[in-house]
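Enquirer: Provided below for reference: sequence and predicted model.
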Amino acid sequence: MPELPEVETVRDGLARWVTGRRIATVEVNHARAVRRHLAGAQDLVARLTGARVEAASRRGKYLWLPLGGSAAGSALVAHLGMSGQLLVQPAGAADEKHLHVRIGFEDGGPELRFVDQRTFGGLLLDELVPAADRPVESVPASVAHIARDPLDPFFDDAGFAVRLRRRDSAVKRALLDQTLVSGIGNIYADESLWRAELHGERLGRTVSRAQVAALLGHVRDVLSAALRAGGTSFDALYVNVNGQSGYFDRSLNVYGREGEPCPRCGTPIRRSAFMNRSSFFCPRDQRPPRPKSAPRRAAGVH
DNA sequence: TATTTAACCTGGACGC
DNA sequence: TGCGTCCAGGTTAAAT
């Protein structure tokens, strides 16, 4: 699934292959893929046509291409959802089964394709606005609510710790909250918590400052290692812009490894349901929090 | 206000 | 073989 390392790998590919090129044609085959562009597919096509791609940027799991020329001040924003792909393909290559948007360029070179099996992802054209915490930086308005990611040099470690430790909900829920810290999904949340020897259901307010600092360090280690491996792929659902899979899945310690021995202590990895998805953890190294005790009856009352 | 849940979506795995 | 059910999970609107 595309989390930060996968999205960054795609961003890097877009920077190499698409930057500096002028858009000639845009074809939208599936309206759901542009549902977040509220003005509609026709408006998206009209505004993109003739625009020049100036760069490829990212915040968390969101990608965007700042535009110049007729669309200056705006950006083509993409989110890959769970199965979205941005592919750079020769213009004559066979269409993918779930090809939803095709963007051709004036130079006649490779085209940019948005392919998405589950259509949780999508594209939109949006205005760029100054970042709230650093106005010299601009982000699409639709991405402004997303926090910086832990690999961002302007990520605020102390602010993250304060907000996390104020929470009356689970640490894993906080890691997945993109308005608190971005780029982390289910896979890297479980891997980071395992490395930090923290159970994901521990409440934020029970975690010490030192534990938060250590957790952030592990998050950065996991994300960086996955980035070096080109991301994690379990199937053909995540690929870079050239259609190649990453290989970090070979380095996963707990995710998807129910019943296998914990690489640290040998205890079988356990799986549990959490937030409508699966959590994988070592029951020995990551002690679950004690369940909340039932409210005591007042003395003498039956 | 803070927190949690459900819906969206498709294809593969699995049981019968 | 074919059918039905479950599962994967990022985001957000709705519910609690």
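Expert: Looks like it came in fine. Source: prediction; values computed, not measured.
Enquirer: what comes up buried for the helix or strand hosting A:Arg11?
Expert: According to DSSP states H and E, A:Arg11 maps onto helix A:4-17. Judged by neighbour count using 16 or more other Cβ atoms under 10 Å, the buried positions of helix A:4-17 are A:4-15, A:17. Every residue, glycine included, has its C-beta placed from N, CA and C.
Enquirer: ok, the helix or strand that that helix is followed by: who's next to it in the sheet?
Expert: Heading C-terminal from helix A:4-17, the first helix or strand you meet, by DSSP H and E, is strand A:23-28. Looking at strand A:23-28 with DSSP bridges, its partner strands are strand A:99-105 (antiparallel).
Enquirer: for A:Phe114, what are its contacts?
Expert: Contacts of A:Phe114 were listed using Cβ atoms under 8 Å, 6 or more residues apart in numbering, and they are A:Ala33, A:Ala78, A:Gly84, A:Gln85, A:Leu86, A:Leu99, A:His100, A:Val101, A:Arg102, A:Gly121, A:Leu123.
Enquirer: for the fourth one, helix, strand, or coil?
Expert: Secondary structure state of A:Gln85, per DSSP: H, G, I helix; E, B strand; the rest coil, is strand.
Enquirer: any idea how far A:Leu151 is from the residue in the stretch 151-300 of chain A that DNA strand C sits nearest to?
Expert: Residue nearest to DNA strand C within the stretch 151-300 of chain A (Cβ to the nearest atom of the strand): A:Gly185, separated by 2.8 Å. Note on A:Gly185: its distance to A:Leu151, by Cβ to Cβ, to the nearest Å, is 15 Å.
Enquirer: which strands or helices does the longest strand seen in chain A pack on?
Expert: Secondary structure of chain A per DSSP state E: the longest strand is strand A:122-131. If contacts are counted by 3 or more Cβ pairs under 8 Å, 6 or more residues apart in numbering; DSSP states H and E, strand A:122-131 sits against helix A:41-48, strand A:74-79, strand A:134-140.
Enquirer: need the contact list for whichever residue of the stretch 101-250 of chain A sits closest to DNA strand B.
Expert: DNA strand B sits closest to A:Ser169 of the stretch 101-250 of chain A, with a gap of 2.8 Å, by Cβ to the nearest atom of the strand. A:Ser169 sits next to A:Leu203, A:Gly204 when contact means Cβ under 8 Å, 6+ apart.
Enquirer: burial count for A:Gly168?
Expert: Quick fix: residue A:168 reads Asp, not Gly. 8 (other Cβ atoms under 10 Å).
Enquirer: check it and give its pLDDT.
Expert: The model reports A:Asp168 with a pLDDT of 93.
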